[in-house]
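K.L.:
Based on what follows, work out the 3D shape:
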Amino acid sequence: MFEPVQPNADTEAGSVSVTQSATKRHLMVSAEFAVSALTVFTVSVLAHAVLLPGLGYYWDDWLMVWIGHAQGPGSLAYQMSWDRPFHGVYSAFVYSLLGDHPLRWHVYIFGLVFLSALVLLWALRGLWPKQGLATTSITLLYVIYPGFLGFPLGHIYHVHFFVTLLGAFSLGATIRAQYVRNRRNYEIFTLIAFASGLVYLFMYELFISFEGLRLLLIAYIAWRQKRKTPRKLAVYLLRRWLPYVSIILVFLIWRVFIYDDSFRDKTNLDLLAQQYIQQPLSQAVRVPGDLIRNFLETSVFAWFVPAQSRLHQAAQTALFASVLLGLIGGGVVIGYARWVRKRTPLTDVPPAWSLTWGRDTLLVGVLATALGLLPIVLADQSVRLLQLTDRFSLHVVVPVAIAVVGLIYTLLTPMARPWVVAFLVGIATVTHVNNANYYRNIWNEQKALWWQMFWRVPALKPGTVLAMSVPPQSFFPADTYEVWAPANLIYAPQTREPAIYGVRLTEKVADSIVRDESLDYNVLMNVQFTMDFSHVLLLSAPSDTSCLHIVDRRHLQELPHDAPAILSWVGVYSNTEQILDDVAPPTMPREFFGHEPPHSWCYYFQKAELAQQRGDWETASRLGDEVREKGFQPEDVVEWLPFITAYAAVGRCEDARLLTKVVLKEQPYLEGQVLPETCRA
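P.N.:
Okay, the predicted model is just below:
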C-alpha cells in the first residue's frame, strides 16, 4: 500500500534536465500560489478592511467585553467553556492579548479571516494542484461570502473563524495523507488532521459539518483513483476515514453522556427527542422541507438578498464608494485569471482524468452543504438572512463555495468562468462594504448615546434599572447587556457584578414597571441579577431628530415629539432620583467609547437638563446664552424647554417668551405647557 518512490534511472544528463524542469515548475507553482494569495488578500481588504477603524462593539460583544473587563479573562474561560470546552480557554487567551480596544479585535478577526482563507487555499491545492483558477475562486467565494454579515461582531465570531482555520488545516492534512507514498508520512498527516479536528469540534460543535466534508473528499479521492467498485471504495473508506470516526465518537460520548445540556433548550437532547417522539409525522415533514429551504438560503439567496437589503439602506455617497470597491474587486479577479493563463502552466482546463471536474465538485459541495445544515434543521433552527441567525451559515460556507464553483465550471466555458466569479466577488464586496457602513452607523449611535449619558448623568445609584426606548426598527439594543454592560463600564467599572441594570423598553417591560414587579435576569452562570422596577430610569435613545432624553416624570412635556406612546404611558414611573447629581463624574473609558465628541447642541442640552435637575438656574441660563451665541439649533424644538424654564427662573421673561414662540410655532399642541406662569403676565 505504501510504496517508496523509485529514483529515475535515466542518464546523468537526463537527471539534470528532469531536476531543472522540476525546479522550474516548483518555482512557477510557488509564484502562482503567491499571486493567488495576494489576490485573496486584496479582495479581503476591499470587502472587510476599508471601514475597520469605524467599527465598535455590538450585541454579544458587550457581554464578552464586560466579563473580561470586570471579572477577568479567567471568568471568560469559565463562562464560555461549560458547553464548548476549548472555546472559553481560547477566548480568554485572546482577550488577555487584545484587551478592550475594539479596533484590535477587528484587525484580529480580519487577520483570522484571511489566514483561514490562505489555509483553505493550501488545502484545496493539495486536492486539485492543477486547478489554479478553480481553487482560488473557491477561496475567494469563501472569504467574501455575503450570506453571513456578522464580520463586524469581532468578540462573538472570532472563534468561528479560528475553528474554520483549524478545520481547513485538518482537511488539508487529510488530503495530503491520501497521496503520500510511505506509512510514516501518512501517519504524521493523519495525526495532525486528527488533533486539529478534535480541537475545533470541542470549540464549536456545528463544525462537525467538516467531518461530513472530510468523508466526501476521501470518497472523491478514492473515486478519482479508480477505486470505483463498491468493495474497493468501501475498503478504502474504512481504512482512511476510520481514524476520524473516533473524533466524532469522542465528541458524541461527551455531548450525550457528560455534558449538561439543560441550560439551552435548542441543544437539550432530551427536549429534542421528545419533540420527535410526540410529533413524528410533523417532524418527518418539517425536516426535509426545512433542509431544502436552508439549502436555498445559504447557497442561492445568500448571494443576492443581503445585497439588495444593504444597497436599499445605503446613502448615495456610501453606495457609490462601495460600487467602486466592488468593481476594483471584480477587476482584481479578472486580472489574476489573465495572469494565470499567460504566466504559468496551471490552467482551469480539467486534466484528462477529470473532464467531469465541475460536475463532481458540484456534487461534493451540494452533499457537504446538506450534511452541514442537517444538525441545524434537526435542532429546529434555521438560517435567516439579514438576521443574527445568519451565523448558522458559517459552518457551511466552504462547501457552499465548492458547490458554486462546481456549478460555474459545469455550465460555463473557460472564458466565461472568471467573469462570473468576478461578478459574485464584486456584488459581495459591495454588500460587505455597505454592511460595515451600517454597523459603523450603529457604533456612532452607541457612542453618541453614552457620551450624552456621561454629560447628563454624573453617577447612578446601585440597583438603577435603565429602560431604554428606541425606534421600532432599531438594531440597537438587541439584548439587555447592550444597555447594562456599557453603563457598568462607565458608572461601576470596579465591580465584579453588575451594579446598574438595563433593558430595552418593550410592552412586557412596561407592564412590569406599571405593576411594580421584579424581573430575574440570567444570561450566564456568573451573570445573574434581579431588576427592581421601582428603581427604573427611563431613557429615550438619541435619533436623527433628537438627543438622548432622560425622562423626568415632572417634565413629561419635554419628551421628544416623536416619542412612542409606550414612553408617555410609563413616563410617570421614571425616577430621576436614581441620578446622583452632587458627585464628581466618572472618567469616561475612552478605550471603549473613543474621544469626546465636539460640544454641539446635544452637549448643551444635556448640561442644561442636569442643571435643571439640580435647580441651578444660573448655570442653565448661561448655557442657553452660550448655545444661542454659537448658533446651535435643536432638531426637536421641545429641547428648548429646559432653557425656557431657566430663563423664567432667573427673571429673563423676554428670552423665555421668545423661545416659547419658537417651540409653539412647530409644536402648537404644547400651548400652556411651555412658558412658566411667572412669565405669562
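
K.L.:
Flag the shaky bits of the stretch 301-450 of the chain, pLDDT-wise.
P.N.:
In the predicted model of the stretch 301-450 of the chain, residues 344-355 satisfy pLDDT under 70.

K.L.:
And the helices in it?
P.N.:
305-313, 316-343, 357-378, 397-411, 417-456 (DSSP state H, counting those that start in this stretch).

K.L.:
Just put these in a markdown table and tack on distance to His158 and mean neighbour count.
P.N.:
No exception for glycine: its C-beta is placed from N, CA and C like everyone else's. Output for the helices of the stretch 301-450 of the chain, formatted as a markdown table (distance: least, C-beta to C-beta, whole Å; neighbours: other C-beta atoms under 10 Å):
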| stretch | distance to His158 | mean neighbour count |
| --- | --- | --- |
| helix 305-313 | 21 | 17 |
| helix 316-343 | 24 | 18 |
| helix 357-378 | 21 | 21 |
| helix 397-411 | 16 | 24 |
| helix 417-456 | 16 | 22 |
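
K.L.:
For stretch 498-506, C-alpha coordinates in CSV please.
P.N.:
Only the C-alpha atoms of stretch 498-506 are listed here, as CSV (Å, rounded to 0.1, in the frame of the first residue of the first chain):
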residue,chain,number,x,y,z
PRO,A,498,-23.4,44.4,37.6
ALA,A,499,-24.4,47.3,39.8
ILE,A,500,-26.5,49.0,37.1
TYR,A,501,-29.2,47.0,35.2
GLY,A,502,-30.8,47.7,31.9
VAL,A,503,-33.4,46.6,29.4
ARG,A,504,-35.0,47.6,26.1
LEU,A,505,-38.4,49.2,26.8
THR,A,506,-41.0,46.7,25.5
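
K.L.:
which other residues reach that stretch?
P.N.:
66, 460, 462-470, 477, 479-485, 487-488, 491-492, 509, 519, 521, 527, 529, 531, 538, 566-567, 570 (C-beta atoms under 8 Å, 6 or more residues apart in numbering).

K.L.:
likewise stretch 232-247?
P.N.:
174, 177-178, 190, 193-194, 197-198, 201, 211, 214-215, 218-219, 222-223, 227.

K.L.:
Try it again at 10 Å.
P.N.:
Stretch 232-247 has contacts (C-beta atoms under 10 Å, 6 or more residues apart in numbering) with 1, 170, 174, 177-178, 186-187, 190-191, 193-202, 208, 210-211, 214-215, 217-219, 221-223, 225-227, 229.

K.L.:
What is the three-state secondary structure of Glu596?
P.N.:
coil (DSSP: H, G, I helix; E, B strand; the rest coil).

K.L.:
so what's it up against?
P.N.:
Lys447, Trp451, Phe454, Trp455, Met588, Arg590, Tyr603.

K.L.:
Distance to Thr645 added to those residues, as TSV?
P.N.:
Listed next are the contacts of Glu596 as TSV, based on distance: C-beta to C-beta, whole Å:
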residue	distance to Thr645
Lys447	29
Trp451	24
Phe454	23
Trp455	19
Met588	28
Arg590	33
Tyr603	19
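
K.L.:
Pick out the most distant pair among these.
P.N.:
Arg590 and Tyr603 (16.5 Å; C-beta to C-beta).

K.L.:
Out of the contacts of stretch 498-506, which end up buried?
P.N.:
66, 460, 463-470, 477, 479-485, 487-488, 491-492, 509, 519, 521, 527, 529, 531, 538, 566-567, 570 (16 or more other C-beta atoms under 10 Å).

K.L.:
Take those residues and keep only those in helices.
P.N.:
66, 481-485, 487-488, 491, 509, 566-567, 570 (DSSP state H).

K.L.:
roughly how far out does the one helix or strand Ala648 maps to sit from the chain middle?
P.N.:
Per DSSP states H and E: Ala648 is located in helix 641-649. Here helix 641-649 is found 45 Å from its chain centre; the criterion is C-alpha atoms, centre = their mean, to the nearest Å.

K.L.:
could you say what helices and strands that helix packs with?
P.N.:
Applying 3 or more C-beta pairs under 10 Å, 6 or more residues apart in numbering; DSSP states H and E, we find helix 641-649 packed against helix 601-614, helix 617-629, helix 653-666.

K.L.:
Of those, which stretch is the most buried?
P.N.:
helix 601-614 (a mean of 22; mean count of other C-beta atoms under 10 Å).

K.L.:
so what does that helix touch, helix or strand wise?
P.N.:
Partner elements for helix 601-614 (3+ C-beta pairs under 10 Å, 6+ apart): helix 417-456, strand 549-550, helix 617-629, helix 641-649.

K.L.:
among the ones you listed, which is nearest Leu362?
P.N.:
The nearest among those, by C-beta to C-beta, is helix 417-456 at 13.3 Å.

K.L.:
angle of the closest one against helix 316-343?
P.N.:
150 degrees (axes from the mean of the first three to the mean of the last three C-alpha atoms, to 10 degrees).

K.L.:
next one: helix 417-456 to chain centre, how far?
P.N.:
11 Å.

K.L.:
same deal with stretch 390-403?
P.N.:
15 Å.

K.L.:
cool, stretch 556-567 as well?
P.N.:
33 Å.

K.L.:
likewise stretch 145-163?
P.N.:
Using C-alpha atoms, centre = their mean, the offset of stretch 145-163 from its chain centre is 5 Å.

K.L.:
and the end-to-end length of that stretch?
P.N.:
Length of stretch 145-163, first residue to last, C-alpha to C-alpha, to the nearest Å: 17 Å.

K.L.:
How about the secondary structure of the residue positioned nearest the centre of the chain?
P.N.:
The residue lying closest to the centre of the chain (C-alpha atoms, centre = their mean) is Gly150, at 2.4 Å. Using three-state DSSP, the three-state assignment for Gly150 comes out as coil.

K.L.:
is it true that it touches Leu388?
P.N.:
Yes - Gly150 is within contact range of Leu388, at 7.4 Å (criterion: C-beta atoms under 10 Å).

K.L.:
so what sits against both of these two?
P.N.:
Going by C-beta under 10 Å, 6+ apart, residues that sit against Gly150 and also against Leu388 are Tyr58, Trp59, Ile156.

K.L.:
Phi, psi for the last one please.
P.N.:
Ile156 adopts backbone torsions of phi -80, psi -40, taken as degrees, to the nearest 10.

K.L.:
can you tell me which residues contact it?
P.N.:
Contacts of Ile156 by C-beta under 10 Å, 6+ apart are Tyr57, Tyr58, Trp59, Asp60, Asp61, Leu63, Met64, Trp105, Ile109, Gly150, Leu388, Arg391.
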